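Undergrad: Got a predicted structure here, sequence first:
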Amino acid sequence: MPVTIRRATIDDLLCMQNANLHNLPENYLFKYYMYHILSWPEASFVATTTDAGDESDSHMEELTTHRAAHAPTKQDPCYVRPGEKLVGYVLAKMNDDPAAQQAGTALNGHITSLSVMRTYRRMGLAEKLMRQALFALAEVYKAQYVSLHVRQSNRAALHLYRDTLEFEVLDVEKSYYLDGEDAYAMKKVLDTDELHPANFQRGQLKDDLECDLLQDLDAASASLQQGIQQIKV
Ligand SMILES: CC(C)(COP(=O)(O)OP(=O)(O)OC[C@H]1O[C@@H](n2cnc3c(N)ncnc32)[C@H](O)[C@@H]1OP(=O)(O)O)[C@@H](O)C(=O)NCCC(=O)NCCS
């Protein structure tokens, strides 16, 4: 079943909040999600999937139209729209603390929340969501670094941040969470060249800018000419 990673919109917020309630004890008021999307509309991303992954496109369209026509009045909070289910999200922002701004701190971003629904874990979705958000924070909002907190006991998230995404652990913040657990405060310096999505999507197709495409064109046209000459009518 294909999964799409795309920018989060205001239509996704209820589903993001629903996923957050499912996956994490740190929850936020709906207006806080709104605040993120309205203030930094290009920083947050969602992973969604469709109900009928192996159906043909035309059948899919038919199915979606049918579902839209018969959609229940009370929407399933997992569905962004009929047929499109949210399976993960990353909610990101810029640091807008006036004290930091006054102190002349470099522009920096913050990962407020990240989660992937249980049955969609270990497929690389969290890494992809994070890479998109980090790139957007750097490219669009000019963040020079990004920070986040993670529970000391959260092995999965720790592996993702420290080992996969190469965040550095800055500090242990004692009793950071409401239940008294300590948090690792983490930071990653952002480099748009390193984070460019092309590096992680078929990176091997990168153009080395040394090969003249016209040379290939000459070779192709010569073999075409040869083929044409061999045609017997
Ligand atoms: C943490 C979480 C977002 C990871 O999502 P995911 O989509 O499964 O992660 P990915 O598939 O992108 O995996 C990224 C890396 O983490 C590793 N990883 C994922 N789950 C792991 C686990 N349970 N234990 C150890 N490593 C794990 C993967 O092997 C991968 O490592 P690699 O780059 O060396 O191959 C997910 O487990 C989750 O939603 N947990 C609940 C919410 C949460 O804890 N959010 C983070 C709050 S700070």
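TA: Alright, I've got the coordinates.
Undergrad: just checking, what packs against the host helix or strand of residue 93?
TA: Element membership for residue 93 (DSSP states H and E) is strand 84-94. Under the contact criterion of 3 or more Cβ pairs under 8 Å, 6 or more residues apart in numbering; DSSP states H and E, strand 84-94 touches helix 13-23, helix 30-39, strand 45-50, strand 79-81, strand 108-116, helix 125-139. From N, CA and C alone the C-beta is placed, and that goes for glycine too.
Undergrad: Please tabulate these in TSV, including the columns mean pLDDT and distance to the ligand.
TA: Supplementary listing: these in TSV, determined by pLDDT from 0 to 100; distance: least, Cβ to the nearest ligand atom, whole Å:
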stretch	mean pLDDT	distance to the ligand
helix 13-23	98	4
helix 30-39	98	16
strand 45-50	96	8
strand 79-81	94	18
strand 108-116	98	4
helix 125-139	98	3
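Undergrad: Residue 4: neighbour count?
TA: Residue 4: 11 surrounding residues under other Cβ atoms under 10 Å.
Undergrad: For it, give the beta-bridge partners.
TA: residue 48 (DSSP bridges).
Undergrad: Verify the stated contact: residue 153 with residue 183.
TA: No. Counting by Cβ atoms under 8 Å, residue 153 stays clear of residue 183, with 10.3 Å between them.
Undergrad: For the two, indicate the residue with more neighbours.
TA: Neighbours were counted for residue 153 and for residue 183 using other Cβ under 10 Å; residue 183 has more, 18 against 9.
Undergrad: For the residue lying closest to that one once chain neighbours are set aside, list the residues it contacts.
TA: Leaving aside its chain neighbours, residue 183 sits nearest to residue 176 (3.6 Å; criterion: Cβ to Cβ, 6 or more residues apart in numbering). Neighbour list for residue 176: 149, 182, 183 [criterion: Cβ atoms under 8 Å, 6 or more residues apart in numbering].
Undergrad: To which secondary structure element is residue 171 assigned?
TA: Assessed by DSSP H and E, residue 171 sits inside strand 168-173.
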